[in-house]
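Q: Give me coordinates for this.
(chains A and B)
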Amino acid sequence: MIFNSIHFLVFFMVVTILFFQLKQQKLRVWLLLLSSCYFYMTFVPLYILILFFTIIIDYVAGIYIHNSAGHKRKMLLVVSIVANVGILVFYKYFNFLLGSFEPLIEYLVPHYQLPYIDIILPIGLSFHTFQAMSYTIEVYRGNQKPERNFVVYALYVMYYPQLVAGPIERPQNMLPQFHEYRKYNWDNIKEGISRMLWGFFKKVVIADRVSIAVDHCFYNHENLSSVTLLIGAMLYSIQIYCDFSGYSDIAIGASKVMGINLMENFNQPYISKSVSEFWTRWHISLSTWFRDYLYIPLGGNRKGEAKRKRNVFIVFLLSGLWHGANWTFVIWGAIHGVLVTIMPHKPNIGKLNKYAASAFLIVANFIVVTFCWVFFRAANIGEAIDYIWGIVTMKSGGLNAGLNGVELVVSVFFILVMMLREYKWQKHFIQKDSSFWVYLSLMVIVCYFFGVFDENQFIYFQF
Amino acid sequence: MKKILAYICVIIGIGLVTTSVSSRTLAKIWEWNNQNAMNDKWYGKYKSKWGDLTRMAYLDHVVKFQEPYEYEYPNYHDSTKGSINLCIIGDSYTADLPGYIFKGVATYQHFKNVRPFTYTPDPTKKNVLIIEITERFVRGILRNRYFFDFSKRSDYAATGGDGKKNLSAVVNKNLEYLLFDYNFINRLKFLKAELNYYLFNRASGNISISKDGNFLFFKSTVINHGIYSSYAPISDTEMNYVVNTLNSIYTKYKSLGFMEVCLSVIPNPATILQPEGYNGFIPLLQNDKRLIMPCLDVYNKFKQTSDPASLYRVGDTHWNNNGMQVWLKVVNKRLSVLNRKQV
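A: Take a look at the predicted model:
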């Protein structure tokens, strides 16, 4: 079930009302777990078994890690991580790895039929795997007591608002909230619904509208002019932000309605002045996950500048691979890794005044990030290089970006509204009830009349 | 009071989702509504007379897409002595055609939506089978071999007829019908559709407007990817699969006693009306020397027409009377030849 569907709206209404009707926290946890199971099973029902397999392993591992010491403690952590990563690798990377070695195998054993597996990737696998791993690692580190209540632990991994596309939560934030009884709070409901509506606006009004232009530009890139290609690439930057942050807004809002706070995942990434700042504002839950569980264990910045750079590069390389089993993601991660290591966090551009310097850096950084997104969006490396080559060679060609003039102007208008709103008014809580109802009505009208409802999946669902 | 209201909402919500899980239940509700004449009053009254795409896009009020449904059926029932038992396994293009329009036909049966059928050919007659498939469905249908595979009918039944679908997609479609198929809500749908059309030159939902702005197409046939598309490139592997599968279907039906088994692929409207960038699926298939199944070539006949725009309905995915007549001529020519043949 995707958020921008009637099915979700009915599901959300039923679950939320029932949640507040139940007076015991134990029953609420059960309700949330069962509804999360239903939510997940609407994709591929059988895959819930995989999820429960990892849940059981991590649940048991957490308890045993807590009760063990020394080598045994470490071994239990390794078992848990191997189980999680093993499933991730099998479902997500098996065919990719096989394909990557195909030329070599073909050379060594000509005409050998490689055993590719015909499977659908379990939805949100990378997200819930990382969330599960953060639990066992935190227990191992002694920062988190093991969760004895299996239902609560299962809910921690499966909590439906953030199950398939994050934010990737930490046990310290989520587990206490699942134990705490929350009273019905109208302010939470208003804030949550406002946030959800904002997410829907970003998804259906902006992301899905500009995706029409983006698809057109990427599919027809050979025939389009440099300007059109640049517009297509920039619109993709907007699309992926509105798509993913829109999902996060809906997830955070849906959870807020029930009084459960999820971590923020975005903080206006496109006002960053450098690539490294961008990564403190984009997909924050993943960046901090890699920082805490990979970068710091690798040595962080404690062992000199050269090793710091090496560690940063490894993190970005793996971050790219995390996104998908394709070399385009690896290249995308590697480029970001290089940029973060070679570019300063706060660039200094000399004599320009403060505002002009900021504006210059923001625009320059947006363009750099946009070029990187081309690798993320392209079907393969060749297409990405062709696309970028098409931009930089200033070639002539078609000027049609897939949207007509009015549609482009309306889209730009909504993009500006979105940017201005997020820059000026970051809060979603509306104090006055009358204002809330006006806001709600306005957003529903705008989403309905200007939204694109083709049941487009969220981009990050595929990860 | 609040509590009662809350539980009513919960019960309605659960009831809606539970009902929506089953398309069969929905079909029964639809039937019940029809029998009780509810549709005419307030529920799901909207049925466009201008075509399926106009209906799906809610563009009834746009004059450009208003084209009446008019077909002329020639009657060859008495004028030719029939010796052919004609079977057509076909889709909506041929579903409503009467048997008397075919020359030299003694008996005629149509099996809709390319389903396997229980027809046993009469060994004393000239049994002719025409497999008619719209271009956009060919690859999808051939991927689901059970459509034609007699030995696997139980597998076919187990899939529920239309193959396995994503549960959420089914529920969503059914919920939309249950919650938003009311006449007063349809007004909003028309408003949105017209706003989109006049402002953005775009049709809502799964419908696209042709480049010249005069026709509606299924979006899936004009996008650059997917098996329904007229423009998505087709790999050699896929063509090999299509040809091999058609050959095995041909052999199978021939062995059942059909004197002739022909394939007739009806081009997508986009294929004919917007040929730039066409992936060439039909000519590639029809010209493939490995294909043993004879083809009733309507593609080239359509291409040779001086005004291709006169072959399809503007707001519908089907041909109009002219298009149908071209196809009929091709079929009848073939039937006349077969009629003269000895058994």
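Q: Would you tell me what helix or strand B:T107 is located in?
A: Per DSSP states H and E, B:T107 falls inside strand B:105-112.
Q: Please disregard the earlier target; I meant A:E277.
A: helix A:275-281.
Q: Then B:L263?
A: Going by DSSP H and E, B:L263 is part of strand B:260-266.
Q: tell me which residues in that strand are buried?
A: Going by neighbour count (16 or more other CB atoms under 10 Å in any protein chain shown), the buried part of strand B:260-266 is B:E260, B:V261, B:C262, B:L263, B:S264, B:V265, B:I266. (Each C-beta comes from the backbone N, C-alpha and C, glycine too.)
Q: So which elements touch it?
A: strand B:126-134, helix B:135-143, helix B:236-255, helix B:281-286, helix B:321-340 (3 or more CB pairs under 8 Å, 6 or more residues apart in numbering or on different chains; DSSP states H and E).
Q: in stretch A:398-417, what's buried?
A: Applying 16+ other CB under 10 Å to stretch A:398-417 flags A:G398, A:A401, A:G402, A:L403, A:E407, A:L408, A:V410, A:S411, A:F414, A:I415 as buried.
Q: neighbours of the closest residue to the fourth one other than its chain neighbours, just the number please.
A: Just to be clear, that refers to A:L403. Leaving aside its chain neighbours, A:L403 sits nearest to A:A213 (4.8 Å; criterion: CB to CB, 6 or more residues apart in numbering or on different chains). Per other CB atoms under 10 Å in any protein chain shown, the neighbour tally for A:A213 reads 24.
Q: ditto for A:I240
A: Other residues close to A:I240 by other CB under 10 Å number 20.
Q: Quick check: nearest residue in space to the residue of the stretch 301-450 of chain A found nearest chain B, chain neighbours excluded?
A: Per CB to the nearest CB, A:E407 is where the stretch 301-450 of chain A lies closest to chain B, at 4.2 Å. Closest residue to A:E407 apart from its sequence neighbours, by CB to CB, 6+ apart: B:F200 at 4.2 Å.
Q: and if you look at A:M133?
A: Leaving out its chain neighbours, A:M133 is closest to A:N84 (CB to CB, 6+ apart), at 5.3 Å.
Q: And A:Y293, by the same measure?
A: Closest to A:Y293 by CB to CB, 6+ apart is A:I137, at 5.6 Å.
Q: for residue 98, what are its contacts?
A: Let's take chain A. Taking CB atoms under 8 Å, 6 or more residues apart in numbering or on different chains as the contact definition, A:L98 lies against A:L114, A:P115, A:Y116.
Q: switch to chain B, that's the one I care about
A: Residues near B:P98 by CB under 8 Å, 6+ apart: B:Y73.
Q: where's it relative to chain A, distance?
A: As defined by CB to the nearest CB, to the nearest Å, B:P98 lies at a distance of 38 Å from chain A.
Q: rewinding a little: can you tell me the helix or strand for the residue nearest to A:M133?
A: Using DSSP H and E, the element containing A:N84 is helix A:70-88.
Q: immediately after that helix, which helix or strand?
A: With secondary structure assigned by DSSP H and E, helix A:70-88 is succeeded by helix A:94-100.
Q: Output that following helix as CSV, restricted to C-alpha atoms.
A: Output of helix A:94-100 as CSV, limited to C-alpha atoms (Å, rounded to 0.1, in the frame of the first residue of the first chain):
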residue,chain,number,x,y,z
PHE,A,94,23.0,-11.5,-5.8
ASN,A,95,22.1,-10.8,-9.4
PHE,A,96,24.1,-7.7,-9.4
LEU,A,97,27.2,-9.4,-8.2
LEU,A,98,26.7,-12.3,-10.6
GLY,A,99,26.2,-9.8,-13.5
SER,A,100,29.3,-7.9,-12.5
